[in-house]
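Novice: okay, predicted coordinates and the sequence, questions at the end:
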Amino acid sequence: MDSFNAITAAIFLPFIFAGLIPVMEKLLKQRVGWFAAATALTSFTLIGLAAPEVLGEGHIVQGSISWIPSAGVNFAIYADGLAMMIGFIASGIGVLIMSYSNGYMSQKEDLKRYYQYLLLFMGSMIGMVFSANTIQLFIFWELTSITSFMLIGYWRHKPESIYGATKSLLITAAGGLAMLAGFLLLRTITGSFDLATILSDPQVINAVKEHELFLITLILILIGAAAKSAQGPFYIWLPNAMEAPTPVSAFLHSATMVKAGIYLVARIHPIFSGTDAWFILVSGIGIFTMLVAGFLAFRQTDIKGILAYSTISQLAYIMTMYGYTTHHEPGIGVAAATFHLLNHATFKACLFLVAGIVAHEAATRDIRKLGGLRREMPITFIVASIAALSMAGVPPLNGFLSKEMFYESSLEMGALLGGGFTFLIPACAVLGGVFTFAYSIKLIDGIFLGERSKEHLPEHIHEPPLTMLIPPAFLALLVILFGLVPSLPIHTIIEPTVSGILLETAHLHVKLWHGFTTSLMMTIVTFILGILIYTRYDRIAAWQDKFNARFPWISVNYYYDNAVNSAKERAFRFSTITQPGNIKYYMTAMLLLMIALVAIPVITLATNIVPSTLNFSIAPYEAILLLLLIVAALAAAVLPKYLPAIIALSALGYGVSLLFIYLKAPDLALTQILVETLSTIIFLLAITKIPQKYKEIIPKSVLFRDLAISLAVAASVFVVLLNATQGIVAPFESLSHYFIENSLPLAGGHNIVNVIIVDFRGYDTLGEISVLCLAALGVYNLIHSRGEEQ
Amino acid sequence: MTTIITKTITKVCIPLVILFSISLLLAGHNNPGGGFIGGVMFASVIALMYVVFGLKYVKTFFNPDWAKWFGFGLTLASLTAFAAMFFGHNFFRSAVEFVHIPLFGEIELVSAGLFDIGVYFVVIGSLLFIFKNVGDDNE
C-alpha cells in the first residue's frame, strides 16, 4: 500500500468502524471497547506504514482527490514530520485510552455512544493533521469540536456536563469560524487553499509577509488556534470540560484536541513567522497564559481541575516557544516546543489516567479529602510520581529535557532582543516553571503522601485492574525512556518534525547532562523557588479564593456567563420587535423591500419605464385563461370564509398549470397539478381545526395603507415584466444553448429539464431536498412542541 | 368522502398510480417525469388513501415511518454525489454508460438516476410525513 492510500485509510477507518460499533456491541457486549482500541491500533499501524518514507527518507507524502476543484477545494493530504507526530499521538494515545476505558466505564453506561464518539473524534483529529487543504482542515477541525462537545456532554443528566459541553462548543467552534475567515483571507493573498502549494513556494510566503492583510489574517487564524488550545482569554472552557469521563479528558484535553491549536500554529509557522507580529502575538499569548493559568491552578481542589490548569499552562509553554522568532532567526524555540509537545502528551495523559484510577477507587477527586494512598496503591503512586515529576521538570525524566530547552531558547530570545528583555523573558519562563513545580508536587502530596483521611474515603482501597493500570504505566515508561535516551525520540520523530516546520533539515543534539549551563542554573533556581512557594501553597489558594469572592468581575467566566445567560432574554427582546407574530407584518416588510428593489434600478438607470415596442396581441384562448386566472385570484383574496378561499386558490393553481400546457411545458404542468392537489389537501386538513370565519376588524387607515402597498407591488411587477422581454439591463446570451447541446453527450439524457435538475445543477437539488427534509422535521416539531407546552 | 364508489376507485387507483409514479421516475431522464414528479404522484395517491379511508383506519394495516424514507433518500442522494470521488472524479460528477441487453435493446445506466431515486424518496417521505402529522393532530 502506498503512503497516500495508507494515510487516507487511517483517516476514514475510524469513521467507518464507528458505524460498525452497534453491530459489534451485539457480538461483544461490554467488550466492545477492545474493538474500538483495535481500530485505533489499525489507524496507528496505517500511519506507521507511511513512516519509513516520511520520517526515514524525509520525503513529504502528498496527494489529492478532486472534490470541488472549481472552488479550489480538494481532499488533499500533506504528510510531513509534524503531521506524522500528531497523527501518531492521536492514534497511539487513542489505543491506550480505549483500552483503559474498558476498565473505567461501568457496564451500565451507554458504551455504544461512548466508543462511537471516541472513534469519530479520533478520525477527525487524524484527518485534521493530515489536511493539506485549508477548507478540509477547517471541516475536520470543527468535527473535532462537535465530537468533543458530544463527549463532554456524555453524561446528559448532569447539568454541569451540559454547561461544560456548551461552553467548549461555543468557544472552540466560534474560534474555528474566525480561523475559516483567516483561511479565506490567506486565499485572497496567495490564491490557494492548498497548504502544500503555499509552503513549497518561498515567493508566495514572502508575498504573504508583505501583504497589507497580513496582520488581520494572522490574528484571525490565531484566534482559532488559541480558542482550541485554551490560550489567552479563551482558556475558560477547558476546566469546565473536565465534566467529561476521565479517559475522555485524558484523550481530548491533554493529548490530542487541545494540541490542535498548537499544531495549527506550528503548521503556519513557516508562512507567518519571522515577523514582529508573530512574536508579539504568539509568545505574548503564550507567556500571559502560562503565568495566569499556572497561578490559577493553586485554587483548584479537584484533581482534574489542577490538571486542566496545568494543561493550559503547559500548552502555553509550547505556544511561547513557537512564538520565539526574529527577522534573522525564525524558529529559535521550534525544536524545544516540538519536543515538549511530545513529552506533554506522555506525562499529562498518564496523569489524567491516574486521576481516573484515584476517582474510580477512592470515589472522590477532591484533593482536600484525599491523602496517604501510597500504601494502598503503591504502583499507581510510582506511576503518578514519575509523570508529575516529569511535569515539574525533574531529571532524568523527559520533562526536564524539554524544560531545559525552553529555558535555553528563552535565554537566546531574550539576548537577541536585548535591553530589558534579556532578563524579562527568561524570568517569565522561570516563573512559569516555578508554578508548574508547585502544582506538580501538590498532586503527589495531596493524593499519595501525608495522612489518610478516614471519614471521606472508603475503608478498603486497592490497585485498579490491569486494564486500567497498564496504559498509564506504559506512558510512565515512555517518560523515563525519553528522558534517559533522548536520542531515540529526537532522531526518529522530533528531527523530521522540526524539519517539517522550519522547511529545512534539522539536526538536534539533546543530552541528559549538558554541563553547568545557565539553563541548569535556572532549573536549580526553579526548584528552590518552587519548594518555597509550595510551603505557602494553601495560603496562596485561600487568598485567591478570597480575592475572587470580592471581585467576581475579574474573571473571564463572569463575562461568559453574563453573555450566555442574558442571550435568551436579549433574543426574546430582539424577536418581539422583529417578529410580532402577525403574517401581515412580515408580508408588508417583504413587499416594501420588493418595491424598493424595483424602484432603485428604475430610478438610477432612468430607463424608459414603458418600452417603446410593445406587442399586445393575445390569442383568444390565452385571453380566456387569463380572465379565469384573474377571477380566481380575486376570489381567493376577497371570499370571506377559508374553505371557498382555498378552493379559489387551488383553481388558480390549476389554471396556471393549464397555461403551462399551452406553453408546451408538460413537466411543469404535471408538477403544478400534483403539488396543487397535495397542498390543497394539507390546507384543508389544517383549516378544519381553526375558526371558519375571519373576525378581524381592520381600521380604514390600515386598509388604505395595505391597498397602496398592493397597488405599488402590482405596478412594480408589471414594470419588471414589461421590461423583462425587452431587457432592462443589457441583453446577455441565453444559457439554454449550452444545456441543449450538452445534455445528451455529457449526461446522457434527452429531457433537458430533468438533466439540469439531477446533473448539471445537482448540488442545488441536493440543497433543495435537504430543505424539504428540514421542512418536514419543522412541521413535526411545530405540532409536537405545542403539545408538550400544554 | 367515504362512499363505496370512492373507496372502490381508490383501491383500483393505488397500484396503478404507484406503477405510474415509478414509470415517471424512470422515464425522467429522457421524457417528462423525474424523481420529484414521481414522488409527488406517489405521495398524492397515499394521501388519497388517507383521506378516503381515514388516517386511523389506514394506520392499522399500513403505517410506515415516513421519516425513514426521506432519511434514506437524502443519504442515497448524498452518497451518489460522493461516489464519484472514489473513482477519481470530482464531487457530483455523474457517469453515463450505455449497455446493450439482448432482446431488450440498448439501455443507459446513469449515475444521476440514483440521485433521482434519492430525490424520489425524499419527496415521498417528507410530504407524507407532513401529511400524516398534520392529519394526525387532534387538537
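Specialist: Everything's here; your move.

Novice: quick one: the strands in chain B, in order.
Specialist: Ranges of strands in chain B, per DSSP state E, are B:96-101, B:105-110.

Novice: hang on, I meant chain A
Specialist: Using DSSP E, the strands found in chain A span residues A:61-68, A:73-79.

Novice: helices or strands next to the longest one in the packing?
Specialist: Strand A:61-68 sits against helix A:3-28, strand A:73-79, helix B:66-86, with contacts defined as 3 or more C-beta pairs under 8 Å, 6 or more residues apart in numbering or on different chains; DSSP states H and E. Glycine gets a C-beta too; all of them are placed from N, C-alpha and C.

Novice: got the CA coordinates for the shortest one in CSV?
Specialist: What follows is the C-alpha trace of strand A:73-79 in CSV, where atoms were taken according to Å, rounded to 0.1, in the frame of the first residue of the first chain:
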residue,chain,number,x,y,z
VAL,A,73,-11.4,22.7,-2.6
ASN,A,74,-9.9,19.2,-2.8
PHE,A,75,-9.4,16.3,-0.5
ALA,A,76,-5.6,16.7,-0.1
ILE,A,77,-3.1,15.1,2.1
TYR,A,78,0.2,16.6,3.3
ALA,A,79,2.1,14.3,5.5
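
Novice: anything in it near chain B?
Specialist: Yes: applying C-beta under 8 Å from any C-beta of the partner chain, one finds strand A:73-79 touching chain B at residue A:75.

Novice: just want the angle from the lengthiest helix in chain B to helix B:66-86.
Specialist: Using DSSP state H, we find that the single longest helix of chain B is helix B:111-136. Comparing the axes of helix B:111-136 and helix B:66-86 via axes from the mean of the first three to the mean of the last three C-alpha atoms, to 10 degrees yields an angle of 160 degrees.

Novice: in helix B:111-136, what's buried?
Specialist: Buried residues in helix B:111-136, counted by 16 or more other C-beta atoms under 10 Å in any protein chain shown: B:111-135.

Novice: how far away is whatever residue is furthest in space from the centre of chain A from chain B?
Specialist: Distance from the C-alpha centroid of chain A, by C-alpha atoms, centre = their mean, peaks at residue A:620 (62.9 Å). Note on residue A:620: its distance to chain B, by C-beta to the nearest C-beta, to the nearest Å, is 27 Å.

Novice: got a list of what the residue of the stretch 151-300 of chain A found nearest chain B touches?
Specialist: Proximity of the stretch 151-300 of chain A to chain B (C-beta to the nearest C-beta) peaks at residue A:193, 14.5 Å away. Residues near residue A:193 by C-beta atoms under 8 Å, 6 or more residues apart in numbering or on different chains: A:72-73, A:133-135, A:183, A:187.

Novice: okay, those residues in a markdown table with distance to residue A:278 and neighbour count next?
Specialist: As requested, those are arranged in a markdown table below (distance: C-beta to C-beta, whole Å; neighbours: other C-beta atoms under 10 Å in any protein chain shown):
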| residue | distance to residue A:278 | neighbour count |
| --- | --- | --- |
| A:72 | 26 | 16 |
| A:73 | 27 | 19 |
| A:133 | 23 | 24 |
| A:134 | 18 | 27 |
| A:135 | 24 | 21 |
| A:183 | 17 | 22 |
| A:187 | 20 | 17 |
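
Novice: using pLDDT, spot the least trustworthy of the residues you listed.
Specialist: pLDDT across these is lowest for residue A:72, at 83.

Novice: hang on, residue A:30 packs against residue A:112?
Specialist: No: Residue A:30 lies out of contact with residue A:112 (C-beta atoms under 8 Å); the separation is 10.6 Å.

Novice: the helices in the stretch 401-550 of chain A, which residues?
Specialist: Secondary structure of the stretch 401-550 of chain A by DSSP state H, counting those that start in this stretch: the helices cover A:421-448, A:466-484, A:487-489, A:495-502, A:518-535, A:537-550.

Novice: of all those, which one comes closest to residue A:108?
Specialist: In terms of C-beta to C-beta, the element of those nearest to residue A:108 is helix A:466-484, at 17.4 Å.

Novice: which neighbouring elements make contact with that closest one?
Specialist: In terms of contacts (3+ C-beta pairs under 8 Å, 6+ apart), helix A:466-484 is packed against helix A:81-104, helix A:334-362, helix A:378-392, helix A:398-417, helix A:487-489.

Novice: now do 10 Å
Specialist: When contacts are defined as 3 or more C-beta pairs under 10 Å, 6 or more residues apart in numbering or on different chains; DSSP states H and E, helix A:466-484 packs onto helix A:32-51, helix A:81-104, helix A:246-250, helix A:334-362, helix A:378-392, helix A:398-417, helix A:487-489.

Novice: looking at those helices, which one is packed in the most?
Specialist: Mean neighbour count (mean count of other C-beta atoms under 10 Å in any protein chain shown) peaks for helix A:246-250 among these, with a mean of 28.

Novice: off-centre distance for that one?
Specialist: Relative to its chain's centre, helix A:246-250 lies at 18 Å (C-alpha atoms, centre = their mean, to the nearest Å).

Novice: please save the CA atoms from it in CSV.
Specialist: In CSV, the C-alpha atoms belonging to helix A:246-250 read as follows (Å, rounded to 0.1, in the frame of the first residue of the first chain):
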residue,chain,number,x,y,z
THR,A,246,-11.8,10.9,32.7
PRO,A,247,-10.5,8.9,29.7
VAL,A,248,-12.1,11.5,27.5
SER,A,249,-10.3,14.2,29.4
ALA,A,250,-7.0,12.4,29.1
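
Novice: how close does residue A:92 get to chain B?
Specialist: Going from residue A:92 to chain B by C-beta to the nearest C-beta gives 29 Å.

Novice: hmm, residue A:514 is touching residue A:404, no?
Specialist: Yes: counting by C-beta atoms under 10 Å, residue A:514 touches residue A:404, with 7.3 Å between them.

Novice: what is in contact with the two at once?
Specialist: residue A:520 (C-beta atoms under 10 Å, 6 or more residues apart in numbering or on different chains).

Novice: for residue B:120, what are its contacts?
Specialist: A:769, B:21-22, B:24-26, B:28, B:34-42, B:69, B:73, B:76-77.

Novice: just the pLDDT for residue B:88.
Specialist: Predicted confidence (pLDDT) for residue B:88: 68.

Novice: scratch that, residue B:23
Specialist: Confidence score, pLDDT, at residue B:23: 90.

Novice: count the neighbours of the residue nearest to residue A:155 when sequence neighbours are not counted for me.
Specialist: Of all residues not flanking residue A:155 in the chain, residue A:161 sits nearest, at 4.7 Å (C-beta to C-beta, 6 or more residues apart in numbering or on different chains). By other C-beta atoms under 10 Å in any protein chain shown, the residues close to residue A:161 number 20.

Novice: follow-up on the earlier one: between the strands of chain A, which one is closest to residue A:714.
Specialist: That would be strand A:61-68 among the strands of chain A, by C-beta to C-beta, at 41.9 Å.

Novice: and the closest one, what's buried?
Specialist: For strand A:61-68, using 16+ other C-beta under 10 Å, the buried residues are A:61-67.

Novice: tilt between that strand and helix A:32-51?
Specialist: Going by the same axes, to 10 degrees, strand A:61-68 makes 110 degrees with helix A:32-51.

Novice: residue in the stretch 1-150 of chain A nearest to chain B?
Specialist: For the stretch 1-150 of chain A, C-beta to the nearest C-beta, closest residue to chain B: residue A:66, 3.8 Å.

Novice: residues in contact with that residue?
Specialist: Counted by C-beta under 10 Å, 6+ apart, residue A:66 has contacts A:73-76, B:84-85, B:88-91, B:93.
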